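Pasting the sequence and the predicted coordinates here, then a few questions.
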Amino acid sequence: MLEREFAKQGEIKPVLGEETVGDSDAQTYTNTKDTDWQSHQQPVNHESHNLYSVTKNPNEKPLTGDGYSVTNGQVNKWYSSTMTDFFSKEDGAEESTSKNWFEALFKKTRLSVVKHEAPGLVMAPGSSPSREQLVVDDPQGSVVKQYVGTIESPNIYKEVSDKYLFTDEGPNQNDVKQVGIGDCYFWGAVLQILAHDPSKFTSMITLSGQTVNITLYHKEDGKWVSSTYSRPLGIGGVNCQYNEIAQSKAGNECGVRVDITTPCESAWNSTIDGTDCLIDRTDFYKAALWANCLEQAYSDFTRQHGQYGEGFTKVDKDGNKIPGKEEFESGVPNRCLNMFYGSKATNNGSFAKDAANHDKVLQTLVDFKAMLDGNGDFSTLVARKISGDPTNNGAHAFSIENVTLVDQKGKKIKYTSKVDLTTIDTKQSKLLLRNPWNNTDKTQGKFFEISLEDFLTSNEWTHLYSATVSR
């Protein structure tokens, strides 16, 4: 069961459950530390059980304070301590009437909790258990003075369910958040698949009990063959950030999206802590664990079959390839499609976005948009951007989500492979890009739009990576 976050403390309620106890006709005294009970020498009719009533002070924790005894019809200070000390005394108390008085006054309750297998008594969201499903009266049980949490107002915890890989929305681009590892090229390819063929992930990533099975393709004897990578379900491994329910615990942003709109199930538990009976409810939520599990499987994949499933590239001093030493913190997205589709994916290559390739860039964008508007086969396109910071030599991959081409007259161009490239107005035409970081930055956040002119003229945008998938 995954780490949980405490969300809400429930009601604190004494076991007697009333504002006052005792005979309603008796004189009522307020139980506060400043009250001198010795000054109240009032008679008590033991035979009719006409006991003094004590009103609970809302500013004081219930059932704590000094102890008192009843002797010869008078209320006397017995000893100064907490009620815990009183309840720990056995039959050797000075006055049996004093013990009976407190027994009646505070309803000395002994309970036992009902044990359930982890994670607890599982129920549908919105359902509540009966008292007997959580606690039972037991003369041999633990002394309980108050409930911390009740069935009506329990202590609530939030936790990620380990029974699901996907949220109710299914796999989608909001599930992707690159953190901590330089595998933006890999996520760029994944984002393209999510844009065109999201059901691919529900078919290739499955859950069997607590084991996740992920199917990927690698090349063997010149042919693409599939193999399955199995891992325990959980949040951790390569992308070891926690879910957004407990971002504060992770200390930074997380890499797993949790759907916190409605829990998928709730688990109830009761425990005895000292003289408190805790009533807890843990609400479980679905999370997009598939993305985290996929990244972990990709780490295993690179060590067994190389970065793109086509063999190892690292060599020793003698030129021999070294298995298991592949690094994946840098790569090209167009070569990643084969690991998902095998021979159905075609790597169209990459090329620099420079003056010599001006028309090639435009034609690639036209072809990409034409396939976006069609059915069946689809094209993937990822752009590379280098940092504008001269002290940072890093580059980052962005998934191209959409292309809007406009002609010199301001009209949208009908997308076919025979578009006259000279009619494209690059200032009015737009590119919609998606950042694997999934952040909220206005210039390069989750989704952002730039003009084709800026894309063509900026020195920061350097390459395009293209691939085609046949279905």
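Great, that's in hand.

quick one, longest helix in the chain?
Across the chain, the longest stretch assigned as helix under DSSP state H is helix 289-305.

Now do that one: which elements does it pack against?
On a contact count with 3 or more Cβ pairs under 8 Å, 6 or more residues apart in numbering; DSSP states H and E, helix 289-305 meets helix 184-196, strand 205-208, strand 211-220, strand 223-232. Using the backbone N, CA and C atoms, a C-beta is placed for each residue, glycine as well.

and with 6 Å instead?
strand 211-220, strand 223-232 (3 or more Cβ pairs under 6 Å, 6 or more residues apart in numbering; DSSP states H and E).

Report how many residues lie close to residue 213.
Look at residue 213: counted by other Cβ atoms under 10 Å, it has 15 neighbours.

what pairs with it across the strands?
residue 206, residue 230 (DSSP bridges).

Then the one 5 residues further on?
With beta bridges defined as DSSP bridges, residue 218 has these partners: residue 225.

what's the burial count for it?
For residue 218, using other Cβ under 10 Å, the count is 20.

what do you get for the one 3 residues further on?
For residue 221, the number of neighbouring residues by other Cβ under 10 Å comes to 5.

Then residue 112?
16.

Settle this for me: it is touching residue 140, isn't it.
No. Residue 112 is beyond contact range of residue 140, at 7.8 Å (criterion: Cβ atoms under 6 Å).

can you tell me which residues contact residue 424?
Counting by Cβ atoms under 6 Å, 6 or more residues apart in numbering, residue 424 touches residue 405.

Return the per-residue confidence for it.
On pLDDT, residue 424 comes in at 92.

In a strand, residue 383, correct?
Yes. Per DSSP: H, G, I helix; E, B strand; the rest coil, residue 383 lies within a strand segment.

Show me what it is bridged to.
Beta-bridge partners, per DSSP bridges, of residue 383: residue 398, residue 464.

Against residue 452, how distant is it?
According to Cβ to Cβ, to the nearest Å, residue 383 stands 12 Å off from residue 452.

do the same with residue 398
Taken as Cβ to Cβ, the span from residue 398 to residue 452 is 14 Å.

circling back to that earlier point, give me whichever of the helices and strands packed on helix 289-305 is most buried.
strand 211-220 (a mean of 18; mean count of other Cβ atoms under 10 Å).

average model confidence for it?
Rounded mean pLDDT across strand 211-220 is 95.

Can I get that strand in PDB? Just the C-alpha atoms.
Output in PDB follows, covering the C-alpha atoms of strand 211-220 (Å, rounded to 0.1, in the frame of the first residue of the first chain):
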ATOM      1  CA  THR A 211       2.600  -6.900 -11.400                       C
ATOM      2  CA  VAL A 212       2.700  -4.600 -14.400                       C
ATOM      3  CA  ASN A 213       3.400  -6.200 -17.700                       C
ATOM      4  CA  ILE A 214       4.700  -3.900 -20.600                       C
ATOM      5  CA  THR A 215       5.300  -5.100 -24.100                       C
ATOM      6  CA  LEU A 216       8.000  -3.400 -26.200                       C
ATOM      7  CA  TYR A 217       9.700  -4.400 -29.500                       C
ATOM      8  CA  HIS A 218      13.400  -4.900 -30.200                       C
ATOM      9  CA  LYS A 219      15.400  -6.000 -33.200                       C
ATOM     10  CA  GLU A 220      16.600  -9.600 -33.400                       C
END
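
For the closest residue in space to residue 153 that isn't next to it in sequence, give me phi and psi.
With sequence-adjacent residues excluded and distances taken as Cβ to Cβ, 6 or more residues apart in numbering, residue 153 is closest to residue 11, at 3.9 Å. In terms of degrees, to the nearest 10, the main-chain angles of residue 11 are phi -70, psi 140.

Might one say that residue 11 is in contact with residue 151?
No. Using Cβ under 6 Å as the test, residue 11 is too far from residue 151 to be in contact (9.8 Å).

what about the two, which has more around it?
Set residue 11 next to residue 151 and count neighbours by other Cβ under 10 Å: residue 151 wins out with 19 against 14.

that's a helix at that one, yeah?
No. Counting by three-state DSSP, residue 151 falls outside a helix, being coil.

Pull the number of nearby residues for the residue lying closest to residue 408 once chain neighbours are set aside.
Nearest residue to residue 408, sequence neighbours excluded (Cβ to Cβ, 6+ apart): residue 425, at 5.1 Å. For residue 425, the neighbour count with other Cβ under 10 Å is 17.

Distance check, residue 425 against residue 413.
On the measure of Cβ to Cβ, residue 425 and residue 413 end up 9 Å apart.
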